[in-house]
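>>> after the sequence you'll find the predicted model.
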There are 4 protein chains.
Amino acid sequence: MKKREPVHCRVVEKAARDLLKERGVELEDIAKIVYDMQVQYNDGLRMEDCYDSVNKVLEKREIQHAILVGVELDKLAEKKLLSEPLQSIVETDEGLFGIDETIALGSVLGYGSIAVTTFGYLDKEKIGIIKELDTKRDSSIHTFLDDLVCSIAANASSRLAHRLRDQEERLREEERETEHIS
Amino acid sequence: MKKREPVHCRVVEKAARDLLKERGVELEDIAKIVYDMQVQYNDGLRMEDCYDSVNKVLEKREIQHAILVGVELDKLAEKKLLSEPLQSIVETDEGLFGIDETIALGSVLGYGSIAVTTFGYLDKEKIGIIKELDTKRDSSIHTFLDDLVCSIAANASSRLAHRLRDQEERLREEERETEHIS
Amino acid sequence: MKKREPVHCRVVEKAARDLLKERGVELEDIAKIVYDMQVQYNDGLRMEDCYDSVNKVLEKREIQHAILVGVELDKLAEKKLLSEPLQSIVETDEGLFGIDETIALGSVLGYGSIAVTTFGYLDKEKIGIIKELDTKRDSSIHTFLDDLVCSIAANASSRLAHRLRDQEERLREEERETEHIS
Amino acid sequence: MKKREPVHCRVVEKAARDLLKERGVELEDIAKIVYDMQVQYNDGLRMEDCYDSVNKVLEKREIQHAILVGVELDKLAEKKLLSEPLQSIVETDEGLFGIDETIALGSVLGYGSIAVTTFGYLDKEKIGIIKELDTKRDSSIHTFLDDLVCSIAANASSRLAHRLRDQEERLREEERETEHIS
């Protein structure tokens, strides 16, 4: 028997992006949160930088896998297909249930301490689309999804902060080089 | 409408313990791993200390929740009830899929650095019941369970190491007190 | 040569508590932050519950060690005794330097997801004594200490949330028992 | 007063690399560990791939900062310049002291679950240069450095595993494209 080939990364990435869309989360929604979080540290920040950063975060295997697992659990809970007592715990988004945050944190820890503090802040303050997901009144369940969105936004924010510094340092060098020349 | 009461902790704990048993993992199996990991640091270690430590770890909400989620995903994968591509990824226990470890790590990080290094070691060396779960040839799927067992064993090991020190320090104090008296 | 005995836990705990006091942080200051974070979830919360919870958190080895290391680095930086470029990085509390948060996070991860999100929130919002430490205008350096205080407050908050639930569940059981009797 | 510019990343990176060398750790030593850990999963692995991967890991801010802090503490302990009881704890590399692992783990968590399990394994098995650092008989202290080396090796290993998969997937695509053409 031929050893089964692993699922191609393109397939996984497309599935993760499709799931976000299907569950009502557009990349623009996440980019807006990133903008709100980072504009105070970066006057020249443009919305498209935030969008690009969100896009880059979604290229990572770890966040894609987290989306596949988290949204699957939300959808199974909506269809009442989880076993008890897990079904009740996920359905009611119990305060002491932390596996949703644990899964989301997995990828946050990879983006450094700015990502962790931004994640914690967003998870508590629930701004923008995160608030909408958290307060939906219909039968939809977003216990895992809202933490995943916090995670993507936090990672994209941290990524921008690091890139901004890289840019500034390149500028400083160029200035110095120009000074040397003149 | 009355606000729904959260699931009682007794119900959650019983469900988690039942799931381990149902999936073929006895507390004795985990205690044996703990013994193997800790006996080198503690001559007087008894198997029942290891068993008690495993028992205590299973009283924690975080590990109970991790078991509920992880085993649910294993069982759904066995029944081919997960959506693609998640079904294929879990079924084949893909090397770069890390959500199983992320969920297990969530509770490991709570037991300090000895738990983390023991977890990493067990996840690589796969001794005892962890090996059995990992190499089962039938149609059963233990992608999440084997990491959960590593986590429980690692936490119980770290707990023992900390308790051993506490005991030694109490002994030292008593000796000193006796010296003062005599 | 007799093997050197490890430092007794009492000595370590006293040193950690003394350091907090020496650096201007009273347990009451941290308890106030805990109260502000938790009163919204718990009407009957009393300041002394918060104080007790902070006290319990300080009994943990991991947080004691973190305090010893973090405050040592702050004090060395004040005395200009660190090597460059570390001296400049700690002195200016550089935004992309994350070891202060990493050390503080080490113990936060042990208190579950509520601790992590509370830590992130506090690190961003900097309320109470955390704000005071962060904005001191004299030559004192609190690069590590302010994260440590966030960590202690976050851990004590998470501890309270878990205990509150435990209490409620005991109450529910007692009520039920009373119902059965009557 | 002009706001002080942050230390340039080139300066930080050079300092971190110089410290490793100064403390007796060559990149080749770490590359050898990476090779030993990854060759079992990758027949065609060459030593220079491992060296390159170690090199790339050392370009990351987080690991550079961890090296600056960890080696500073080791050196201060050698010179008996830490306050008690921290001096004794670091000097004897106490088993329950975990801040060394916490600092090292900070960057490991950023490289995904393979990095975490490899880190745990290396920290327990202590192969190659890690063993040498751990068993040095002279007055040198490497309490933090040995965990840092575990971290760099674990991160470089995880990086290689992810890159290997990326390569395989590109190959698969090229094959398919060739099939379509012919």
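Received, thanks. Numbering: from 1, shown residues only, chains lettered A, B, ... in the order given.

>>> every contact and neighbour count from this point should use C-alpha atoms.
Will do.

>>> any idea how far the residue positioned nearest the centre of chain A is from A:Ile67?
Centroid check for chain A by Cα atoms, centre = their mean gives A:Ile152 as the closest residue, at 1.1 Å. Distance of A:Ile152 to A:Ile67, given as Cα to Cα, to the nearest Å: 10 Å.

>>> could you do A:Gln40 as well?
From A:Gln40 to A:Ile67 the distance is 29 Å (Cα to Cα).

>>> quick one, what contacts the residue lying closest to A:Ser113 once chain neighbours are set aside?
Nearest in space to A:Ser113, with sequence neighbours left out and distances taken as Cα to Cα, 6 or more residues apart in numbering or on different chains, is C:Gly98 at 5.5 Å. For C:Gly98, the contact set (Cα atoms under 8 Å, 6 or more residues apart in numbering or on different chains) comprises A:Gly112, A:Ser113, A:Ile114, D:Glu62, D:His65.

>>> so which of those sit within strands?
Among the contacts of C:Gly98, no member falls in strands (DSSP state E).

>>> what is the nearest of those to chain C?
Closest approach to chain C among the contacts of C:Gly98 (Cα to the nearest Cα): A:Ser113, at 5.5 Å.

>>> what about that closest one, neighbour count?
25 (other Cα atoms under 10 Å in any protein chain shown).

>>> wait, it touches C:Thr102, no?
Yes. Contact criterion Cα atoms under 8 Å: A:Ser113 and C:Thr102 qualify, at 6.9 Å.

>>> thought A:Val116 was touching A:Gly106?
No. Taking contacts as Cα under 8 Å, A:Val116 lies outside contact range of A:Gly106: 10.2 Å.

>>> spatially nearest residue to the residue in chain A that chain D sits nearest to (excluding sequence neighbours)?
Here the residue of chain A nearest chain D is A:Gly110; by Cα to the nearest Cα that distance is 3.2 Å. In space, and not counting its chain neighbours, A:Gly110 is closest to D:Gly110: 3.2 Å by Cα to Cα, 6+ apart.

>>> name the SS class of that neighbour, please.
helix (DSSP: H, G, I helix; E, B strand; the rest coil).

>>> repeat that for A:Leu73.
helix.

>>> and it, how far is that from D:Gln40?
In terms of Cα to Cα, A:Leu73 sits 35 Å off from D:Gln40.

>>> between these two, which one's more packed in?
A count of neighbours by other Cα under 10 Å puts A:Leu73 above the other of A:Leu73 and D:Gln40, at 27 against 10.

>>> contacting residues for that one?
By Cα under 8 Å, 6+ apart, the neighbours of A:Leu73 are A:Leu82, A:Phe144.

>>> for the residue nearest to A:Gly110, what are its contacts?
With Cα under 8 Å, 6+ apart, D:Gly110 has these contacts: A:Ser107, A:Leu109, A:Gly110, A:Tyr111, A:Gly112.

>>> one more time with 10 Å, if that's ok
D:Gly110 makes contacts with A:Gly106, A:Ser107, A:Val108, A:Leu109, A:Gly110, A:Tyr111, A:Gly112, D:Glu62, D:Val116, D:Asn155, as judged by Cα atoms under 10 Å, 6 or more residues apart in numbering or on different chains.

>>> surely A:Leu27 and A:Leu19 touch.
No. Contact between A:Leu27 and A:Leu19 fails when scored by Cα atoms under 10 Å: they sit 11.8 Å apart.

>>> picking up where we left off before, more crowded one of A:Val116 and A:Gly106?
When A:Val116 and A:Gly106 are compared for neighbours, A:Val116 comes out ahead with 29 against 25, by other Cα under 10 Å.

>>> so where's chain A shaky on pLDDT?
A:1-3, A:172-182 (pLDDT under 70).

>>> quick one, helices of it?
Along chain A, counting by DSSP state H, helices occupy A:9-22, A:27-38, A:47-57, A:61-78, A:86-91, A:99-108, A:112-125, A:129-135, A:145-181.

>>> on that earlier part again, report the two of the contacts of C:Gly98 separated the most.
Maximum pairwise distance in the contacts of C:Gly98, criterion Cα to Cα, is 14.5 Å, between A:Ile114 and D:His65.

>>> who has more neighbours, the two?
Using other Cα under 10 Å, the more surrounded residue of A:Ile114 and D:His65 is A:Ile114, with 26 against 23.

>>> who's in contact with the more buried one?
A:108, A:120, A:154-155, A:157-159, A:161-162, C:95-98, C:101, C:120, C:123-124.

>>> where do the contact lists of A:Ile152 and A:Ile67 overlap?
With Cα under 10 Å, 6+ apart as the test, A:Ile152 and A:Ile67 both reach A:Leu58, A:Ala104.

>>> shared neighbours of A:Ser113 and C:Thr102, which are they?
Common neighbours of A:Ser113 and C:Thr102 (Cα under 10 Å, 6+ apart) are D:Glu62, D:Gly106.

>>> pop out the phi and psi values for A:Lys126.
phi 50, psi 70 (degrees, to the nearest 10).

>>> what about it, distance to C:Glu174?
Relative to C:Glu174, A:Lys126 is positioned 36 Å away (criterion: Cα to Cα).

>>> run a quick neighbour tally on A:Glu169.
When neighbours are counted by other Cα under 10 Å, A:Glu169 comes out with 18.

>>> could you export stretch A:155-163 as PDB, CA atoms only?
What follows is stretch A:155-163, C-alpha atoms only, in PDB (Å, rounded to 0.1, in the frame of the first residue of the first chain):
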ATOM      1  CA  ASN A 155      -0.600  38.100  15.700                       C
ATOM      2  CA  ALA A 156      -1.100  40.600  12.900                       C
ATOM      3  CA  SER A 157      -0.600  43.500  15.300                       C
ATOM      4  CA  SER A 158       2.600  42.100  16.700                       C
ATOM      5  CA  ARG A 159       3.900  41.400  13.200                       C
ATOM      6  CA  LEU A 160       3.300  45.000  12.300                       C
ATOM      7  CA  ALA A 161       5.100  46.300  15.400                       C
ATOM      8  CA  HIS A 162       8.100  44.200  14.500                       C
ATOM      9  CA  ARG A 163       8.100  45.300  10.900                       C
END
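
>>> does that stretch reach chain B?
No. Residues of stretch A:155-163 are not located near chain B by Cα under 10 Å from any Cα of the partner chain, the shortest gap being 16.8 Å.

>>> would you mind listing the buried residues in that stretch?
For stretch A:155-163, a neighbour-count test (16 or more other Cα atoms under 10 Å in any protein chain shown) marks A:Asn155, A:Ala156, A:Ser157, A:Ser158, A:Arg159, A:Leu160, A:Ala161, A:His162 as buried.

>>> what of stretch A:4-16?
Result for stretch A:4-16 [16+ other Cα under 10 Å]: buried residues A:Pro6, A:Val7, A:His8, A:Cys9, A:Val12, A:Glu13, A:Ala15, A:Ala16.

>>> chain C contacts on chain A?
Residues of chain A lying near chain C (Cα under 10 Å from any Cα): A:95-102, A:105, A:109, A:112-125, A:158, A:161-162, A:165.

>>> just the buried residues of the residues you listed.
Among these, the ones that count as buried by 16+ other Cα under 10 Å are A:96-102, A:105, A:109, A:112-123, A:158, A:161-162, A:165.

>>> residues of stretch A:130-145 that come out buried?
Buried-residue list, stretch A:130-145, by 16+ other Cα under 10 Å: A:Ile130, A:Leu133, A:Asp134, A:Ile141, A:His142, A:Thr143, A:Phe144, A:Leu145.

>>> nice, that's everything, thank you.
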